[in-house]
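curious how this folds, go ahead:
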Amino acid sequence: LQGKTVLITGASGMIGTYMLQILTMLNDKRGYGIRVLAMLRNAAKLPEEVREREDVEIIVHDVTEKLKIEGNVDYIIHAASPASPLIMQNKPVETIAANTLGTFHTLSLAKEKNAEGYMFISSREIYGQPAEGQEFFYEDTYGFVDQLNPRSCYSEGKKAAETMCVCYHEEYGLNTKIARLAHTYGPGM
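This is a model prediction of the structure:
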């Protein structure tokens, strides 16, 4: 990561915030010289000390809209997605759009910039509801997701986004990674 440019979408969310903190800590403690592009819809959600850093460029943008970034982008961490069940219930269109359109736009940017790596922050919700008597989920087992239930906007959006990551890897050779998080909690929540 030394001397690289890293775009983090959802930079004010829990995962995006931690990624931002890790990269700036590497700059402060190890002198990595990472240029961090922090993309979010509301810059006021970032602490003032982050907004004033010279190594952090804040980009106010909604990932559901096409992205235009000047200069190099070496790595992209796509963490922008509503993750609150209340938001998923009240804003299902915005939820599925952040995961599908947001992933498409960020993958397209990664391809355009010939990025070295792309990480999509997914969810265990892609597995759906377990079958009766099913105790565990494995990488190759899936439960039931009712695609006609608006609450499925999150899990179906994440599933489609994972497929897009695999397709960009297969067709364009993009170095994509998927992190499937589950029951993630931490300071600041």
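
switch to C-alpha atoms for all contacts and neighbour counts from now on
Will do.

where does the chain dip in pLDDT?
Counting by pLDDT under 70, the ranges of the chain that qualify are 185, 187-189.

how about the strands in it?
5-9, 35-40, 56-60, 75-78, 117-123, 176-181 (DSSP state E).

show me what the fourth one is packed against.
The reference is to strand 75-78. Strand 75-78 sits against strand 5-9, helix 92-112, strand 117-123, with contacts defined as 3 or more C-alpha pairs under 8 Å, 6 or more residues apart in numbering; DSSP states H and E.

and the first one, by the same measure?
In terms of contacts (3+ C-alpha pairs under 8 Å, 6+ apart), strand 5-9 is packed against helix 14-30, strand 35-40, strand 75-78.

make it 10 Å
Contacts defined by 3 or more C-alpha pairs under 10 Å, 6 or more residues apart in numbering; DSSP states H and E place strand 5-9 against helix 14-30, strand 35-40, strand 56-60, strand 75-78, helix 92-112, strand 117-123.

same question for the last one.
Judged by 3+ C-alpha pairs under 10 Å, 6+ apart, the packing partners of strand 176-181 are strand 75-78, strand 117-123, helix 153-172.

same deal with the longest one?
On a contact count with 3+ C-alpha pairs under 10 Å, 6+ apart, strand 117-123 meets strand 5-9, strand 75-78, helix 92-112, helix 153-172, strand 176-181.

repeat for the third one
With contacts defined as 3+ C-alpha pairs under 10 Å, 6+ apart, the secondary structure elements packing on strand 56-60 are strand 5-9, helix 14-30, strand 35-40, helix 48-51.

now the shortest one: buried residues?
In other words, helix 48-51. 50-51 (16 or more other C-alpha atoms under 10 Å).

I appreciate the help and will end here.
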